[in-house]
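# Need a 3D model of the sequence below.
(chains A and B)
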Amino acid sequence: KNEVEQSPQNLTAQEGEFITINCSYSVGISALHWLQQHPGGGIVSLFMLSSGKKKHGRLIATINIQEKHSSLHITASHPRDSAVYICAVGGGADGLTFGKGTHLIIQP
Amino acid sequence: NAGVTQTPKFQVLKTGQSMTLQCAQDMNHNSMYWYRQDPGMGLRLIYYSASEGTTDKGEVPNGYNVSRLNKREFSLRLESAAPSQTSVYFCASSEAGRTDTQYFGPGTRLTVL
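Predicted coordinates:
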């Protein structure tokens, strides 16, 4: 079973700061997902990556397959970005394995 | 499109009671999932269904049963609830396989006393 580690567990930053959340995994995968969970519970998929880099608005996700590592970046952070960000990896017969999440708070 | 819907949103049970959590999706997805989310842990798969009429155990299936009633609906049943089943339950669906993008319902917060 893949082991997924996210860092940091908690992050508090000021509005406008550049944010980086990291995800490492132990076994080769076919896809990596970043998800967002707002207070109140709803979970939304942000990105699915198998290589390289993807960008959507102020969010950028990168993956390094050789190093088994992915990062999620938020540029010009805003209080509405406050949420839990979850990394999930998938491959083979095990489906998705989820990290414990990074709790992000952006202060005005 | 409503996406993935779940009922109920909240539920309190006494130990030993039974209940069924309902899930439906209107995206014509083949695969559906039930997860539980507990503090300090990642989402864990309870059961999944790759297609109508098929179900398979996930990581934590004990104490649960599922039914894939049709392509739209996937229900989760607790036959005799235990305090260890206190959790938030999420239903999800995906168009293709288990590593595909999954779309989540709003969750059911269940407390077992």
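# And for stretch A:84-95, what's in contact with it?
A:1-2, A:4, A:6, A:21, A:23, A:25, A:27-38, A:43, A:46, A:70, A:72, A:96-99, A:101-104, B:42-43, B:45, B:48, B:58, B:98-99 (C-beta atoms under 8 Å, 6 or more residues apart in numbering or on different chains). (C-beta placed from N, C-alpha, C; glycine too.)
# rerun at 6 Å
A:2, A:4, A:6, A:21, A:23, A:25, A:29-33, A:35-37, A:72, A:96-99, A:101-103, B:98-99 (C-beta atoms under 6 Å, 6 or more residues apart in numbering or on different chains).
# Please indicate which of those are buried?
Among the contacts of stretch A:84-95, those scoring as buried are A:2, A:4, A:6, A:21, A:23, A:25, A:29, A:31-33, A:35-37, A:72, A:96-99, A:101-103, B:98-99 (criterion: 16 or more other C-beta atoms under 10 Å in any protein chain shown).
# Now stretch B:42-56: buried residues?
Here stretch B:42-56 shows B:42, B:43, B:44, B:45, B:46, B:47, B:48, B:49, B:50, B:55 as buried, counting by 16+ other C-beta under 10 Å.
# Alpha carbons only: can I get it in CSV?
Once non-C-alpha atoms are left out, stretch B:42-56 reads as follows in CSV (Å, rounded to 0.1, in the frame of the first residue of the first chain):
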residue,chain,number,x,y,z
GLY,B,42,-7.0,10.4,5.3
LEU,B,43,-10.2,9.3,3.6
ARG,B,44,-10.5,5.5,3.7
LEU,B,45,-12.4,3.4,1.2
ILE,B,46,-15.2,1.3,2.6
TYR,B,47,-16.7,-0.2,-0.5
TYR,B,48,-16.7,0.6,-4.2
SER,B,49,-18.7,-0.4,-7.2
ALA,B,50,-17.1,-0.5,-10.7
SER,B,51,-20.4,-0.9,-12.5
GLU,B,52,-24.0,-1.7,-11.9
GLY,B,53,-24.4,-5.0,-10.2
THR,B,54,-20.9,-5.3,-8.9
THR,B,55,-19.4,-4.3,-5.5
ASP,B,56,-16.0,-4.9,-3.9
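# what about it, near chain A?
Yes: counting by C-beta under 6 Å from any C-beta of the partner chain, chain A has neighbours in stretch B:42-56: B:42, B:43.
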